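J.: Fold the following, please.
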Amino acid sequence: MKSHLLKLAAIGALAAGMAFAQTPVTTTGRLGLGKVAARPGAALRLRVLQALNLTDAQKAQFKTIRQQTKQSLQPVRDQLTANRQAMAAAVKANDATQIQQLATTQGSLQGQVLAIRMQAQAKMYNSLTPDQRAKLDQIRQKIQERRQLLRQPIIG
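T.: Numbers count the residues shown, from 1 in each chain. Just a heads-up that it's a prediction; the model follows:
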């Protein structure tokens, strides 16, 4: 069950990341990677968004959705930070009951973050044209296939 939830969370995070990666790539340093190098997966998300050929109206709508999502996430992120700090204190105090309660709270808060992100992703997905949806689904399928290939053991 946990592995299913972790896989779902990872896929959701990737998909949400693809939708949120609308920031322009800056070029800094010799390699010219800029923000892409600072965020793993950002280059892939950028390529996916470029492949979708979003209209200016869609880009503006995505930006609005991202801003609303960021505002919605901030209080939950603050609670996550406070909860992690409380958990660290409970660990130092060796308070098993408090650790269990805080861990449950942490899971609930992480679930809220995932729900907010998936709602934003749903809004973005629904704003795509049928052709763009088909293309995105196709890209996601290719990414999934490549991940499965990478997970296969190498027989030497």
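
J.: all contacts plus neighbour counts: C-alpha atoms, from now on.
T.: OK.

J.: which strands and helices sit next to the strand or helix carrying Gln50?
T.: Element membership of Gln50 [criterion: DSSP states H and E] is helix 42-51. Secondary structure elements in contact with helix 42-51, counted by 3 or more CA pairs under 8 Å, 6 or more residues apart in numbering; DSSP states H and E, are helix 2-20, helix 35-38.

J.: Let's see that with 10 Å instead.
T.: Other helices and strands packing on helix 42-51, by 3 or more CA pairs under 10 Å, 6 or more residues apart in numbering; DSSP states H and E, are helix 2-20, helix 35-38, helix 130-151.

J.: And it, how far out from the chain middle?
T.: Between the centre of helix 42-51 and the centre of its host chain there is 14 Å, according to CA atoms, centre = their mean, to the nearest Å.

J.: And for stretch 117-124?
T.: Taking CA atoms, centre = their mean, one finds stretch 117-124 lying 11 Å from the centre of the chain it belongs to.

J.: all numbers from here: first residue = 20
T.: Taking 20 as the first residue, the last one we looked at is stretch 136-143.

J.: Flag every buried residue along that stretch.
T.: By neighbour count, and taking 16 or more other CA atoms under 10 Å as the criterion, the buried residues in stretch 136-143 are 136-137, 139-140, 143.

J.: CSV for those residues, including pLDDT?
T.: Putting those into CSV (pLDDT from 0 to 100) gives the following:
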residue, pLDDT
Arg136, 95
Met137, 95
Ala139, 95
Gln140, 93
Met143, 93
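
J.: Pro149: which of these is nearest?
T.: Proximity of those to Pro149 was ranked by CA to CA; the top entry is Met143 with 12.5 Å.

J.: which residue packs closest to that closest one, ignoring adjacent ones?
T.: Ranked by CA to CA, 6 or more residues apart in numbering and with sequence neighbours excluded, the top spatial neighbour of Met143 is Phe81, at 6.3 Å.
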